[in-house]
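Participant: Requesting a structural model of the entry that follows:
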Amino acid sequence: MPHPPKNQAFIPVNIAVLTVSDTRTEATDTSGKALVECLTGMGHCLVEKVISVDDIYQIRAIASRWIAEPAIDVILMTGGTGITWRDVTPEAVLPLLDKEITGFGEMFRSLSYQEVQTSALQSRAFAGMANGTFIFCIPGSTNACHTAWNYILKYQLDSRHGPCNFVELMPRLKKG
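Facilitator: Predicted coordinates for the structure are as follows:
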């Protein structure tokens, strides 16, 4: 992996975290907690963290509120990306996107294959942009959150990462 250029300053981004689960509480939400630890440990700002049940309209309402908030640059969602009847995160979020970032899901499944082999094909992880907000939807396991963060997001959410990164595309942070 290329190393970040040393001559640029780190730019913290504002991130909201949504855990989608019918069973998790603040006490048992290890996936959301892992994402919060990763993003704050890197120096980013946690704007809000919420747990929502697996309901298309509740997920969509939270995501829509955050998408409309100019101070939120990134939304990280964990959970609801599988293929059971309760997994509705893609159905809730995909209609809200202006653009999909198809490479995220492809790369995530490729990385997951190294850990869970063919079970990776059951993941519907995806990403996109809506109103200038980057949205990443990750499976609900803590391990999946660490995989997404450690191999993809920590680089693409680092303004020093080259040759390019998502931070330089964020409307709130764009220069000029």
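Participant: quick one, what contacts residue 58?
Facilitator: Residue 58 is in contact with residue 52, counting by CB atoms under 8 Å, 6 or more residues apart in numbering. No exception for glycine: its C-beta is placed from N, CA and C like everyone else's.
Participant: And the helix or strand residue 104 falls within, what's buried?
Facilitator: Here residue 104 sits within helix 102-116, counting by DSSP states H and E. By 16 or more other CB atoms under 10 Å, the buried positions in helix 102-116 come out as 104, 105, 107, 108, 109, 111, 112, 116.
Participant: Which residue ranges of the protein form strands?
Facilitator: Using DSSP state E, the strands of the chain run over 14-20, 45-52, 74-78, 99-100, 126-130, 133-138.
Participant: For the ones you listed, please prepare JSON lines with the additional fields mean pLDDT.
Facilitator: Converted to JSON lines, the strands of the chain look like this (pLDDT from 0 to 100):
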{"stretch": "strand 14-20", "mean pLDDT": "98"}
{"stretch": "strand 45-52", "mean pLDDT": "98"}
{"stretch": "strand 74-78", "mean pLDDT": "97"}
{"stretch": "strand 99-100", "mean pLDDT": "97"}
{"stretch": "strand 126-130", "mean pLDDT": "97"}
{"stretch": "strand 133-138", "mean pLDDT": "97"}
